[in-house]
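Participant: need a structure here:
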Amino acid sequence: MAVTNDLVTDNRVHKMATTLTNMHLDVTLAGSFYPESKALAQRNYSTHRFNLWFYKGPLFYANYNFSLFFYLLFKRFDLIVANDLDTLPACFLVAKMTGKPLVYDSHEYFTEVPELVHRPQVKRIWEEIEKLILPKVKYGITVCQSIANVYREKYSTPFRVVRNLPFRNTLIEKTSNPPFPVDMPVILYQGAVNYGRGLQEAIMAMHKVKGARLVIIGSGDELEIIRKQVHHEGLEHKVILTGRIPFDELKQITPLATIGLSVEKDIGLNYRYALPNKLFDYIQAGVPVLAGNLPEIKAIVEKYKVGRIVPLSTPEYLADALNEMLSNELQRTEWQNNCKPAAEILCWENEEKIVQDLYYQVLNLYTD
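Facilitator: Numbers count the residues shown, from 1 in each chain. A predicted model of the protein is given here:
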């Protein structure tokens, strides 16, 4: 299984690898090692992280795929899983050369991510790679039905939907040593700190939000911009940036929140069709959600009645919604109670049945 990140915080590939390991498969998860990468906790499958020469931009992707290509050429395997478009070139080439099956797991609508929307030349390169390879992919997985529909319409490639759901927490454990104070209600954002996540607007909203603290857990391209914004606005006492936290620690931190944020903006099809894992992590932890008005996210929040949808992710709308949620304890309690039955349904133990069915199919066809 190939992915370009450093494996520390990628819970989706961890869950996939765990499910395949539990199917009595010998799994190796390959990623990258960055200068700031933390040590990996012990896992029940093998891991490998490439030491690369470059860590961003086109040279990083070329370096990664070059390293992955030769790694796979000299490794024995029966099945390759390419996670996202940035690992697909090497995986596809080696699969064709060896005659081994390939599964493509698309974690997002890659060619519509905000980082590419305003970079037409770079976007065009990834689109050409996608057009070249995806029609030839036989087994595909993606995170929501909207993206699956797009791929089927564009390339006639069938994709199964496997949502990024968390393992079921039968007992909610809260850490006794959180990386932020809990002397007042906590508004929590956990995930990538990238463009379009609504974080700059959420920070500005904190000028008007009373008696609460915003905690942002994660890292990404916008982290330094966010850090400077917090300082410039004089909000260090109301906004805390923790950086990345491994997912096995994060699950004990999320239940400390009063409200969970998922307020991505509609800036491209990738965000419009987003169904982020943090949404389900909040539900699993019994934390009411304030979410943006995006179709896949809105459908979950309204179906299970676990929070509120804000019409626009502007500072004004966010401040008003947060103040109302914080002041209405009766409504928050109702949302918290609704999280309990939703968590029984929206868990990896249910979703992994789709994964098991697909991989049994692939491996049976291969062995036949």
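Participant: pLDDT below threshold where in this structure?
Facilitator: Flagging of the chain using pLDDT under 70 yields the residue ranges 170-171, 365-368.
Participant: now do the longest helix along it: everything it contacts.
Facilitator: Using DSSP state H, we find that the single longest helix of the chain is helix 348-367. By Cβ atoms under 8 Å, 6 or more residues apart in numbering, the list of residues contacting helix 348-367 from outside reads 15-16, 19-20, 23, 25, 78-79, 100-101, 103, 139, 141, 160-163, 165-168. No exception for glycine: its C-beta is placed from N, CA and C like everyone else's.
Participant: okay, the residue lying closest to Pro311 once chain neighbours are set aside and Glu264: tell me how far apart.
Facilitator: Distances taken as Cβ to Cβ, 6 or more residues apart in numbering place Asn293 nearest to Pro311, at 5.4 Å, with adjacent residues excluded. Distance, Asn293 to Glu264, by Cβ to Cβ, to the nearest Å: 10 Å.
Participant: go on, Asn51?
Facilitator: Taking Cβ to Cβ, one finds Asn51 at 33 Å from Glu264.
Participant: the more surrounded of the two?
Facilitator: More crowded of Asn51 and Glu264, by other Cβ atoms under 10 Å: Glu264, with 24 against 8.
Participant: buried residues, the longest helix of the chain. List them.
Facilitator: Buried positions in helix 348-367, judged by neighbour count with 16 or more other Cβ atoms under 10 Å: 348, 351-352, 355, 358-359, 362-363.
Participant: check stretch 25-35 too.
Facilitator: 27, 29-32, 34.
Participant: now swap in stretch 213-224 and tell me
Facilitator: 213-220, 222-223.
Participant: farthest-separated two in these?
Facilitator: Arg213 and Gly220 (20.8 Å; Cβ to Cβ).
Participant: give the contact list for Phe33.
Facilitator: Phe33 sits next to 6, 49-52 when contact means Cβ under 8 Å, 6+ apart.
Participant: can you list the domains in this protein?
Facilitator: The chain breaks down into these domains under automatic domain parsing: 11-164+348-367, 186-345.
Participant: ok, and which of those domains has the densest surroundings?
Facilitator: domain 186-345 (a mean of 19; mean count of other Cβ atoms under 10 Å).
Participant: quick one: it to chain centroid distance?
Facilitator: In terms of Cα atoms, centre = their mean, to the nearest Å, the gap separating the centre of domain 186-345 from the centre of its chain is 14 Å.
Participant: how about stretch 106-120?
Facilitator: Counting by Cα atoms, centre = their mean, stretch 106-120 is centred 14 Å from the centre of its parent chain.
Participant: could you do stretch 168-187 as well?
Facilitator: Distance, stretch centre to chain centre, for stretch 168-187: 21 Å (Cα atoms, centre = their mean).
Participant: which parts of the stretch 1-150 of the chain are strands?
Facilitator: 28-33, 46-51, 80-83, 102-106, 139-142 (DSSP state E, counting those that start in this stretch).
Participant: tell me what the second one is packed against?
Facilitator: I take that to be strand 46-51. Contacts defined by 3 or more Cβ pairs under 8 Å, 6 or more residues apart in numbering; DSSP states H and E place strand 46-51 against strand 28-33, helix 57-73.
Participant: strand partners of it, parallel vs antiparallel please.
Facilitator: Counting by DSSP bridges, the strands paired with strand 46-51 are strand 28-33 (parallel).
Participant: can you name the residues that contact Gly292?
Facilitator: For Gly292, the contact set (Cβ under 8 Å, 6+ apart) comprises 198, 262-266, 309-310, 313.
Participant: list the contacts of the residue nearest to Ser46 when sequence neighbours are not counted.
Facilitator: Residue nearest to Ser46 in three dimensions, not counting chain neighbours: Thr28, with 4.3 Å by Cβ to Cβ, 6+ apart. Residues counted as contacts of Thr28 (Cβ under 8 Å, 6+ apart) are 1, 45-48, 75, 77.
Participant: among these, which one lies nearest to Ile240?
Facilitator: Among the contacts of Thr28, and counting by Cβ to Cβ, the member closest to Ile240 is Thr47, at 30.6 Å.
Participant: quickly list what that closest one is bridged to.
Facilitator: For Thr47, the beta-bridge partners under DSSP bridges are Leu29.
Participant: pretty sure it is touching Val8, no?
Facilitator: No - Thr47 is not in contact with Val8 according to Cβ atoms under 8 Å; the separation is 10.4 Å.
Participant: between the two, which contacts overlap?
Facilitator: Listed as contacting both Thr47 and Val8 by Cβ under 8 Å, 6+ apart are Leu40.
Participant: related to what we said a few turns ago, what would the strands of the stretch 1-150 of the chain look like in TSV with distance to Ile129?
Facilitator: Putting these into TSV (distance: least, Cβ to Cβ, whole Å) gives the following:
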stretch	distance to Ile129
strand 28-33	19
strand 46-51	20
strand 80-83	12
strand 102-106	12
strand 139-142	15
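Participant: between those strands, which one is closest to Glu127.
Facilitator: strand 102-106 (13.9 Å).
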